[in-house]
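Q: here is my input, please return the structure:
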Amino acid sequence: MADDAKTLIEALDIDLDGIGDAKMRRGFVAVLNIVQQQSKRIADLEVLVQRQRDEIARLKGEQGKPDIKPSNKTGDISSEKRRKNREKRKRRDRGSRLIEVDRTQRCPADPETLPADAEYKGTETVVVQDVLFVRDNVAFEREKYWSPSLGKVIYGPIPPEYEGYRFGPGVRSLVLMLYYATGTSEPKILELLDHVGVHMSAGELSRLLIHDIEKFHEEQDEVHRAGLESSPWHQTDDTGQRVNGVNQYCHVLGNPLYSIYRTMPRKDRPTVLAVLRGTETPRYLVNDEAIALAAALGVSGAVLCWFQERLPRDREMDEAGFTERYDKAMTFVDGEPRRKLYEAAALAAYHAQTDVPVVRSLLGDEARQFDEITDERALCWVHDGRHYAKLTPMFEPFQKELEAFQDRYWDYYRELRDYRANPTAEEAQRLEKAFDELFSTKVEYADLSKRIAKSAAKKSKLLLVLTHPELPLHNNDSELTVRQRKRKQDVSYAPRTEAGSKAWDTMQSLVSTTKKLGVNIYKYLEDRVTKRAAVPRLAVIIRQRAQELALGASWG
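A: Residues are numbered from 1 along each chain as shown. As a prediction, the model looks like this:
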């Protein structure tokens with residue numbers, strides 16, 4: 001919006017309550033809403049025109065307008081300040097954490113400095129934390145024997161944790177932790193090792209990080225299965241991810257006990273189902289359920305008859321096999337009908353499979369690909385609240401309406417949070433009624449009124465927590481999991497191979513899961529590298545914790 005328009009609006013002293021005539025008030029409010037909408041449209045057009053000017057300048061070999069961020073934070077749509085309780089948080093007592101002591105060293109007083117009347121009163125303990133980072137290059141002198149009868153040389157065995165590697169378990173565990181748990185880049189890892197006298201090439205480091213982690217791929221599969229078994233509900237999200245310069249998507253799936261990362265070429269509904277199952281590509285099945293689902297999605301009867309007659313019935317197919325048969329039999333059906341048929345077949349395959357438990361409720365954002373997958377669908381209150389934070393009313397009466405509604409919105413959110421801690425049937429009924437009252441609020445700010453109506457339409461998904469109090473009210477867990485991938489991209493940009501992409505997924509899954517389970521990541525990595533098996537399998541811990549927490553108690 002132009003600066004002079006902003007100045008004019010700020011100078012206006014609008015007092016709607018001072019307009020006594022109801023008809024005149026409605027007309028004035030209508031004018032304000034029109035000005036509000038047109039001003040937003042003008043602002044959007046100004047941004048579009050500037051982008052076009054920049055593009056024209058670049059095509060001419062010139063530079064566009066520099067993208068200089070303002071020094072003050074603007075455009076913040078975070079709801080944290082309103083969402084969290086207004087009470088001041090207690091400062092964390094860092095001294096209360098238990099420090100594990102590795103050795104004790106006596107510090108005697110110098111007798112020559114003590115006065116003659118000094119009396120011994122015991123000791124005072126002072127704990128100092130330190131770490132030793134030293135090289136431990138080992139030269140194994142293997143005994144060597146010649147056996148004439150066997151016709152071969154026999155060597156003394158190298159300890160199993162060193163066998164087959166130029167680097168010991170300490171180095172291998174360290175580089176895995178640095179790269180995947182702390183986000184250190186490969187050049188910096190090599191630099192650190194070189195400083196202590198461990199010489200490793202970039203190719204050798206890549207091998208340790210990507211190609212020698214098969215045991216971890218296997219454990220990730222176990223974690224996926226145990227995680228799905230741990231609860232009827234799960235959380236999900238996705239983010240963009242390049243693999244060798246090609247745009248793909250990193251999907252995350254989890255609950256309080258586990259996290260799974262999986263990078264896939266797309267983020268449509270069949271892909272989400274593949275992520276839930278843990279398969280490399282979507283799976284498809286043509287059966288009675290697929291036909292019924294396709295009909296419910298609006299596919300015509302003629303197309304359905306052709307679909308069920310020409311494609312193999314009751315036989316699960318991978319994506320390549322299904323696409324090949326579909327292209328041969330259904331060449332005349334493309335576009336939207338094709339998408340619906342694929343989704344119906346993917347949903348049928350997911351519901352019919354017995355490899356993993358079928359998820360009963362999925363918590364996430366409002367993206368279309370998450371719909372219809374589960375019996376029940378939960379939405380994030382924080383995502384919904386961000387829509388209100390994005391509103392930018394120009395006039396003071398509208399600003400006051402928005403602020404007042406946001407205060408009521410987050411007060412209601414806190415009531416839901418209290419309900420989760422102590423759920424009762426009476427309180428559930430009261431909260432449902434309060435929801436209807438809150439989202440039937442009448443306001444004069446048109447954009448706010450539309451947004452309230454949209455929230456009201458999502459009632460069943462926003463209030464699923466009343467039936468299942470163990471459900472979180474927000475999807476922050478998945479968003480924080482996604483953020484770890486974004487931070488990884490900031491440091492390492494993107495994997496250059498499919499093997500690298502799979503390694504990223506596996507190791508970040510295990511790092512996130514160990515953190516949720518309270519397992520020391522370095523001890524876990526060292527245990528797996530040395531094959532000592534002192535740290536239990538993560539899937540075993542997940543199953544034990546699931547019984548303790550009862551994450552699906554209200555599902556029966």
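
Q: what residues are up against residue 448?
A: 388, 391, 393, 398, 401-402, 405 (Cβ atoms under 8 Å, 6 or more residues apart in numbering). Heads up, the C-betas are built off the backbone N, CA and C, glycines and all.

Q: farthest-separated two in these?
A: Pairwise distances across the contacts of residue 448 (Cβ to Cβ) peak at 12.4 Å, for the pair 388 and 398.

Q: secondary structure class for the residue located most distally from the centre of the chain?
A: The outermost residue of the chain relative to its centre, with distances by Cα atoms, centre = their mean, is residue 116 at 67.5 Å. Using DSSP: H, G, I helix; E, B strand; the rest coil, the structure places residue 116 in coil.

Q: any low-confidence regions in the stretch 51-200 of the chain?
A: For the stretch 51-200 of the chain, the stretches with pLDDT under 70 are 60, 63-96.

Q: if we go to 50?
A: Counting by pLDDT under 50, the ranges of the stretch 51-200 of the chain that qualify are 74, 87, 95.

Q: would you map the helices across it?
A: 80-83, 169-176, 186-195 (DSSP state H, counting those that start in this stretch).

Q: ranking the ones you listed by burial, who's on top?
A: Mean neighbour count (mean count of other Cβ atoms under 10 Å) peaks for helix 169-176 among the helices of the stretch 51-200 of the chain, with a mean of 22.

Q: elements contacting it?
A: Helices and strands touching helix 169-176, by 3 or more Cβ pairs under 8 Å, 6 or more residues apart in numbering; DSSP states H and E, are helix 186-195, helix 521-530.

Q: about what we covered before: nearest to residue 217, out of the helices of the stretch 51-200 of the chain?
A: Evaluated with Cβ to Cβ, these place helix 169-176 nearest to residue 217, the distance being 13.3 Å.

Q: tell me how the chain divides into domains.
A: Using automatic domain parsing, the domain parsing of the chain gives 3-12+21-59, 237-376, 381-466.

Q: relative to residue 214, which of the ones you listed is closest?
A: domain 237-376 (15.6 Å).

Q: what about the closest one, how long is it end to end?
A: 17 Å (Cα to Cα, to the nearest Å).

Q: stretch 138-155 too?
A: Terminal-residue distance, stretch 138-155 (Cα to Cα): 17 Å.

Q: hmm, who's touching it?
A: Against stretch 138-155 from outside (Cβ under 8 Å, 6+ apart): 156-158, 162, 168.

Q: what about those residues, which are in strands?
A: Here DSSP state E is the test, and those give no hits in strands at all.

Q: and these, which are buried?
A: 162, 168 (16 or more other Cβ atoms under 10 Å).

Q: TSV for the contacts of stretch 138-155, including distance to residue 146?
A: Shown next, in TSV, are these (distance: Cβ to Cβ, whole Å):
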residue	distance to residue 146
156	13
157	17
158	19
162	24
168	29
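
Q: among the helices of the stretch 51-200 of the chain, which comes closest to residue 223?
A: Between those, helix 169-176 lies closest to residue 223; by Cβ to Cβ that is 16.3 Å.

Q: and for that closest one, what's in contact with it?
A: 136, 161-162, 165, 189, 193, 198, 200, 205, 208-209, 212-213, 507, 522, 525-526, 529-530.

Q: okay, the angle between it and helix 521-530?
A: 130 degrees (axes from the mean of the first three to the mean of the last three Cα atoms, to 10 degrees).

Q: what angle separates helix 169-176 from helix 186-195?
A: 150 degrees.

Q: what residues are up against residue 517?
A: 257-258, 538, 541-542, 545.

Q: which of the contacts of stretch 138-155 sits closest to residue 124?
A: For the contacts of stretch 138-155, the residue nearest residue 124 by Cβ to Cβ is residue 168; the value is 39.8 Å.

Q: got the phi and psi for the residue nearest to the closest one when sequence neighbours are not counted?
A: Among residues not flanking residue 168 along the chain, residue 162 sits closest, at 5.6 Å (Cβ to Cβ, 6 or more residues apart in numbering). Backbone torsions for residue 162, taken as degrees, to the nearest 10, come to phi -100, psi -20.

Q: show me what contacts residue 162?
A: So residue 162 contacts 138, 140, 168-169 (Cβ under 8 Å, 6+ apart).
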